[in-house]
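*Asks:* Sequence plus predicted model, see below.
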Amino acid sequence: MAITRLTDIVSVFESKWTYGDVKFGYEGEVNQDHDTQYPLMLIQPPESTIPTIYDGREEYTFEINFYNLYSQAAQSVVALQQRWDNLQDLANEWLDFVLKNYQDATVEAYLNDESIEIERVKEVANDKLVQLKLTFTMSGFTKCFRPVSNYPSDFSDLVVWLKADSGATFDIPSKRVSAWADQSGNSNSVAQATTANQPLRNGYDGANDKTYLSFDGTNDGLTSNSNCPISSNSYTVFVVAKQNAADASTLPVFSYVSGANLISVGFTENKFHSLVADGTTTLQSSSRDSSNYGLIATGLDGSTGRLKTSINDSSDAVDSSGSWDDTTTFNGAAFAIGRKKGVEVFTNTNVEEVIVYNRELTDSEKTDIKNYLNYKYKIY
């Protein structure tokens, strides 16, 4: 069996918390060095029992504490229950990823029935914090739990997954982001070495009070560390973002430019917009006001020259061309977030999440990803 000691379980717990700092210790040690990046997950040393000594099973009772900042300034604009709900959303997503880890046939563990307890606490101590206590019992060596949520990583050909709540390398005082790590497992990360051109990371106040990256529209932008990984003639891109200032220009959140071949997923004429070109033909569609957070789901079928784009819960707008070059691929140059390379157009926008697949997903798969994003950000 793969789980033999507490260290194995805690290592999984820590690896699945990608939203801020994680600590294995006690409540009195929270931010004792005054350098915590919130949200913080504190794993307290568990109690455990071995209910049947010949069964090879140990039941660990964990108390996991989740903390986030709740400053006096925020209290006038953010409801306390909303901040607790957001902590619980992160806790639920974290626990789902932990349990998904144990679905493999060689790793067996499960969550005991009726063992989860939640307590909500508001503290004013070392920091002004809201706290969520999650208590549950986990048994090793018996496999029965089956999570039902769908995540982008559940579908094949995921090549880029950028989440504002995960993987950002940033300076705490200035909030400037120097790198944003790809969560797809393919290392298609983005970065910006020039401090003045780095977007800002905000830990709350985005869609559904979630974390977001803010691009100033003047010089902020992130560029991929390697070429765009869309090596087929088809793709699917999901973007959750909003436009901060009215601008009729075409402003991409996700962009690719290599000669005459280009992709732009973002905004135009103050609407959400998707565009792709092969050097001869341009396919594009746009709809919905972009001053509020929106979800763009766009996919190209490169064999037919059909671009299908939906905004939020709208039906797909289809742009097709019989003259499309079906040999076109999009891996000859880097891709960018918050800017368009070459022409150097910058986007004044808040970005929550960017997901890219190296194929056009089926309608059912697109619906599952949109449901995941809408559940997380409550866009429609």
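*Replies:* Yep, it's here. Numbering: from 1, shown residues only.
*Asks:* what pairs with residue 263 across the strands?
*Replies:* Taking DSSP bridges, one obtains residue 256, residue 276 as the residues bridged to residue 263.
*Asks:* From here on, call the first residue 454.
*Replies:* New numbering, starting at 454: the last item is residue 716.
*Asks:* give the contact list for it.
*Replies:* 683, 688, 690, 707, 708, 709, 728, 729, 783, 788 (Cβ atoms under 8 Å, 6 or more residues apart in numbering). Placement of C-beta: from N, CA and C, glycine included.
*Asks:* Could you dump those residues into CSV and include distance to residue 799?
*Replies:* Formatted as CSV, the contacts of residue 716 follow (distance: Cβ to Cβ, whole Å):
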residue, distance to residue 799
683, 23
688, 23
690, 19
707, 14
708, 11
709, 16
728, 17
729, 21
783, 21
788, 15
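*Asks:* residue ranges for the helices of this protein, please.
*Replies:* Using DSSP state H, the helices of the chain run over 459-469, 525-528, 533-554, 816-830.
*Asks:* Redo those as JSON lines? Include mean neighbour count, distance to residue 585 and mean pLDDT.
*Replies:* Shown next, in JSON lines, are these (neighbours: other Cβ atoms under 10 Å; distance: least, Cβ to Cβ, whole Å; pLDDT from 0 to 100):
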{"stretch": "helix 459-469", "mean neighbour count": "16", "distance to residue 585": "15", "mean pLDDT": "88"}
{"stretch": "helix 525-528", "mean neighbour count": "12", "distance to residue 585": "16", "mean pLDDT": "63"}
{"stretch": "helix 533-554", "mean neighbour count": "18", "distance to residue 585": "4", "mean pLDDT": "88"}
{"stretch": "helix 816-830", "mean neighbour count": "17", "distance to residue 585": "17", "mean pLDDT": "94"}
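*Asks:* Ok, which of the ones you listed comes nearest residue 513?
*Replies:* Smallest distance to residue 513 across those (Cβ to Cβ): 6.6 Å, for helix 459-469.
*Asks:* and the angle from the closest one to helix 533-554?
*Replies:* On the basis of axes from the mean of the first three to the mean of the last three Cα atoms, to 10 degrees, helix 459-469 is oriented at 120 degrees to helix 533-554.
*Asks:* And helix 459-469, what does it pack against?
*Replies:* Packing partners of helix 459-469 (3 or more Cβ pairs under 8 Å, 6 or more residues apart in numbering; DSSP states H and E): strand 475-477, strand 493-496, strand 512-522, helix 533-554.
*Asks:* picking up where we left off before, mind putting the helices of the chain into JSON lines with distance to residue 488?
*Replies:* Conversion of the helices of the chain to JSON lines gives the following (distance: least, Cβ to Cβ, whole Å):
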{"stretch": "helix 459-469", "distance to residue 488": "18"}
{"stretch": "helix 525-528", "distance to residue 488": "21"}
{"stretch": "helix 533-554", "distance to residue 488": "20"}
{"stretch": "helix 816-830", "distance to residue 488": "28"}
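*Asks:* Of all the ones you listed, which one is nearest residue 759?
*Replies:* Nearest of the helices of the chain (Cβ to Cβ): helix 816-830, 12.6 Å.
*Asks:* For the closest one, which helices and strands make contact with it?
*Replies:* Other elements packing on helix 816-830 under the criterion 3+ Cβ pairs under 8 Å, 6+ apart are strand 688-696, strand 747-754, strand 801-810.
*Asks:* strand partners of the second one, parallel vs antiparallel please.
*Replies:* It refers to strand 747-754. Applying DSSP bridges, strand 747-754 is found paired with strand 688-696 (antiparallel), strand 759-764 (antiparallel).
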